[in-house]
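[1] Got a predicted model here, sequence first, then my questions.
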Amino acid sequence: MVASITLTELRNICTNLSPIQCDFYSEGAVVALESQEHVSGIGITVDGDFNENIPLTWDIKPNTNGWKEGRDSTEFGALAIAFFLVTSLTEYQVIEQSPIGTGFDYYLGYQEEHPDYDPDNFINAWLEVSGLAKGTPSEISDRVREKMVRIEKTGAVTMPGYVSVTAFGRPISYLKKK
């Protein structure tokens with residue numbers, strides 16, 4: 001059970017990515033949430049392989065001049081949410097972005113406390129992420145299904161992985177293991 005997620009703490013959770021990149025993703029999440037008129041403390045429902053309701057908090061007021069294209073805050077904000085959920089609810093941590101053509105967005109590895117953690121063999125799973133500004137339940141299900149099919153077509157099923165789809169309107173995040 002995750003007590004809460006403080007979005008500005010992503011830089012401390014994803015230590016394999018730069019703090020600046022993490023702050024950018026976190027700010028995208030705040031902008032996506034606030035664009036849907038949510039305030040700090042709103043609960044996000046986690047569905048799929050998990051059943052949680054986690055408060056999301058933040059202590060920043062972003063300058064939205066650089067966030068006028070809603071697709072950007074939705075996309076990058078969905079990454080922030082997915083990274084928090086994977087790190088908090090699974091045995092994995094975010095390792096690095098994957099190249100285009102792999103069929104997924106990020107490589108995952110066991111967290112350092114995990115008994116199978118191996119610093120010389122650290123890529124153990126994958127993560128595919130998607131975001132929706134509003135997202136009805138059927139749109140979320142369709143997006144998860146679309147991502148699962150895409151993963152199967154690329155052959156990325158040789159190792160375990162997760163699909164994360166976040167809809168900021170409700171807010172809800174669907175996290176499913178493949």
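    Happy to help now that I have it. Treat the numbers as computed from the prediction; the structure is a model and nothing was measured.
[2] Which stretches in the protein count as helices?
    Counting by DSSP state H, the chain has helices at residues 10-13, 19-35, 70-89, 137-154.
[3] any chance of the ones you listed in a markdown table, plus distance to residue 103?
    The C-beta positions use only the backbone N, C-alpha and C, and glycine is treated the same way. Output for the helices of the chain, formatted as a markdown table (distance: least, Cβ to Cβ, whole Å):
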| stretch | distance to residue 103 |
| --- | --- |
| helix 10-13 | 24 |
| helix 19-35 | 21 |
| helix 70-89 | 16 |
| helix 137-154 | 3 |
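[4] what's the closest of those to residue 62?
    In terms of Cβ to Cβ, the element of the helices of the chain nearest to residue 62 is helix 19-35, at 5.0 Å.
[5] Mind checking the pLDDT average for the closest one?
    Average pLDDT, helix 19-35: 98.
[6] List the buried residues for that helix?
    Across helix 19-35, burial judged by 16 or more other Cβ atoms under 10 Å covers 22-35.
[7] can you dump the C-alpha coordinates of it into PDB?
    C-alpha atoms of helix 19-35 as PDB (Å, rounded to 0.1, in the frame of the first residue of the first chain):
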ATOM      1  CA  PRO A  19      16.800  15.200 -11.800                       C
ATOM      2  CA  ILE A  20      16.000  17.800 -14.500                       C
ATOM      3  CA  GLN A  21      14.200  15.200 -16.600                       C
ATOM      4  CA  CYS A  22      12.300  13.900 -13.600                       C
ATOM      5  CA  ASP A  23      11.300  17.500 -12.600                       C
ATOM      6  CA  PHE A  24      10.000  18.100 -16.200                       C
ATOM      7  CA  TYR A  25       7.900  14.900 -16.100                       C
ATOM      8  CA  SER A  26       6.600  15.900 -12.600                       C
ATOM      9  CA  GLU A  27       5.700  19.300 -13.800                       C
ATOM     10  CA  GLY A  28       3.900  17.800 -16.800                       C
ATOM     11  CA  ALA A  29       1.800  15.700 -14.300                       C
ATOM     12  CA  VAL A  30       0.900  18.800 -12.200                       C
ATOM     13  CA  VAL A  31      -0.100  20.700 -15.300                       C
ATOM     14  CA  ALA A  32      -2.200  17.800 -16.600                       C
ATOM     15  CA  LEU A  33      -3.900  17.400 -13.300                       C
ATOM     16  CA  GLU A  34      -4.500  21.200 -12.800                       C
ATOM     17  CA  SER A  35      -5.800  21.500 -16.400                       C
END
